[in-house]
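Colleague: I would like the atomic coordinates for the input below:
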Amino acid sequence: MREIIKKLQTFFFVLLGVAIPTSIAASGIIMGFLALLWIFEGGFNEKLKQIISSKWMLAVLALISYYGLAMLWGDNHNNSSWIFQKLPLLLMFIVFATTNFKKKAFKFGAIAFLITTFISALIAIAIDFGIIQELYNYTNMISLNNDHKSAFIKYNYHNLLLAFSALLCFYLLIEKQTKYPIILLLFILIYGWSIFSGAGRAGHMIFILFFLFYSVYYIRRKALITLGILGLLCIMLIGAYDYSHSFKVRIDEGFETVLNEGKRPGKIKDIRYVFVQESISYIKEKPILGYGTGSFGTIFNRDVKSEYKFHTHTTPHNNYLYVWFELGIVGLILLLSIFYFQIRELIVLKNGFHRLILPLMFMIIMLVDSYFFIFILTTFYIYFYTIYSRVNLDKPS
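Modeller: Presented below is the predicted three-dimensional model:
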């Protein structure tokens, strides 16, 4: 029975690597199966010891509990059901961290993910060039239907997954952890092409940042690599700006918005500036405990005077401000503690620098949206944190 469970865990873990870039529904189902297998696996005494000995796991549990406690203050909990739907996913951090996966699950899971994101990038490029139509035209299993073209999932999630895929490929390539360098280089180029032909600015930002991050890292040790990285990045950015209408528009609008402090001629103030300014204003009034779980959307919709309609917004597009607004500084500290202790866990491992880029980059994207509470991005982070914290990065594959 135990061997059957191990095989099923490996199977579903690898399958999840395919599902994350392609289907939110399938990812949810697979996560459910892995949770059930965790229960059937048993060994709860040992798992409890692992949880108690892990500061970041305790921080996850503390954050979830504090959201429940924060229902006791404030009188604006209308959006609490939204956050309570998101919180159970965080428990999968603990499920994955305490599951005794076979080592081959990590290798084949990462390979499955990279191949799937590569295929997703190719499809997105084909759609962008008009070679094929959006996939929802061919099957009702794909529900994506918006102005920004991608393959299987929403364009901004698509771009972020490609950026993180490029990050892993780059590490394997530059540190000679692969027998197939040409394939990985091709993957990175296709990822970059798809990212910069799309509209997801968070993906653009992460792709650029990790290249710059590695440029600084290698500047003394491997100067030629730094020059190569910067040269490749410049070529990609210039090419994207000249040939990708979506990227050019995003860059021009972004610079114009920043230079004019959120304002653009003939346009109302950028909604992200409104969110930041109003959120900080409210936080100053209740910085310690915040306004209570599920309060953000209600308060903004009712009290904030703006040309925007806030009834569809449940977060301020900034994970840190969102948590601080509702839970106060205590909640924010708990959120930051999760990443702080994860980084400490990764940095002491072999090749710790390369491992810690994952949580650092995820923390950066949390500045531009509440990605810690968005299912597909949180699932991705749980999945790859499990791989990064337990796989041997010294062995070429």
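
Colleague: Met361 is in what secondary structure piece?
Modeller: For Met361, the host element (DSSP states H and E) is helix 352-365.

Colleague: Which positions in the next helix or strand after that helix come out as buried?
Modeller: As assigned by DSSP H and E, the chain's next helix or strand after helix 352-365 is helix 375-390. Buried residues in helix 375-390, counted by 16 or more other C-beta atoms under 10 Å: 375-389. C-beta coordinates here come from the backbone N, C-alpha and C atoms, glycine included.

Colleague: tell me the angle of helix 375-390 relative to helix 352-365?
Modeller: 160 degrees (axes from the mean of the first three to the mean of the last three C-alpha atoms, to 10 degrees).

Colleague: which helix is the longest one in the chain?
Modeller: Secondary structure of the chain per DSSP state H: the longest helix is helix 319-347.

Colleague: For it, name the packing helices and strands.
Modeller: Counting contacts by 3 or more C-beta pairs under 8 Å, 6 or more residues apart in numbering; DSSP states H and E, helix 319-347 packs against helix 55-69, helix 271-285, helix 296-303, helix 352-365, helix 375-390.

Colleague: Of all those helices, which one is nearest Leu346?
Modeller: Nearest of the helices and strands packed on helix 319-347 to Leu346, taken as C-beta to C-beta: helix 352-365 at 4.1 Å.

Colleague: Mind listing what's buried along that closest one?
Modeller: So helix 352-365, judged by 16+ other C-beta under 10 Å, has buried residues His354, Arg355, Leu356, Ile357, Leu358, Pro359, Met361, Phe362, Met363, Ile365.

Colleague: Check whether Tyr217 really touches Asn351, as I assumed.
Modeller: No. Counting by C-beta atoms under 8 Å, Tyr217 does not reach Asn351; the two are 11.8 Å apart.

Colleague: picking up where we left off before, now for the buried residues of helix 352-365, which pair is the farthest apart?
Modeller: Largest separation among those by C-beta to C-beta: His354 and Ile365, giving 18.4 Å.

Colleague: quick revisit: run the chain-centre distance for the helix holding Met361.
Modeller: Its chain's C-alpha centre and that of helix 352-365 lie 11 Å apart, by C-alpha atoms, centre = their mean, to the nearest Å.

Colleague: just the angle between that helix and helix 319-347, please?
Modeller: 170 degrees.

Colleague: tell me which of the buried residues of helix 375-390 is nearest to Thr257?
Modeller: Closest approach between the buried residues of helix 375-390 and Thr257, by C-beta to C-beta: Leu377, at 23.7 Å.

Colleague: And that closest one, what's its pLDDT?
Modeller: Turning to Leu377, the model gives it a pLDDT of 96.

Colleague: how much space is there between the nearest residue to it once chain neighbours are set aside and Tyr157?
Modeller: Distances taken as C-beta to C-beta, 6 or more residues apart in numbering place Tyr371 nearest to Leu377, at 4.4 Å, with adjacent residues excluded. Going from Tyr371 to Tyr157 by C-beta to C-beta, to the nearest Å gives 9 Å.

Colleague: Spell out which residues are contacts of both of the two.
Modeller: When contacts are counted by C-beta atoms under 8 Å, 6 or more residues apart in numbering, Tyr371 and Tyr157 are jointly contacted by Leu377.

Colleague: Number of residues surrounding Glu41?
Modeller: Residues near Glu41, counting by other C-beta atoms under 10 Å, number 19.

Colleague: What does it show for phi and psi?
Modeller: Note on Glu41: its backbone torsions stand at phi -60, psi -30 [degrees, to the nearest 10].

Colleague: give me the low-pLDDT residue ranges for the stretch 251-397 of the chain?
Modeller: 260-268, 306-313, 393-397 (pLDDT under 70).

Colleague: count of residues packed around the residue nearest to Leu377?
Modeller: Tyr371 has 24 nearby residues by other C-beta under 10 Å.
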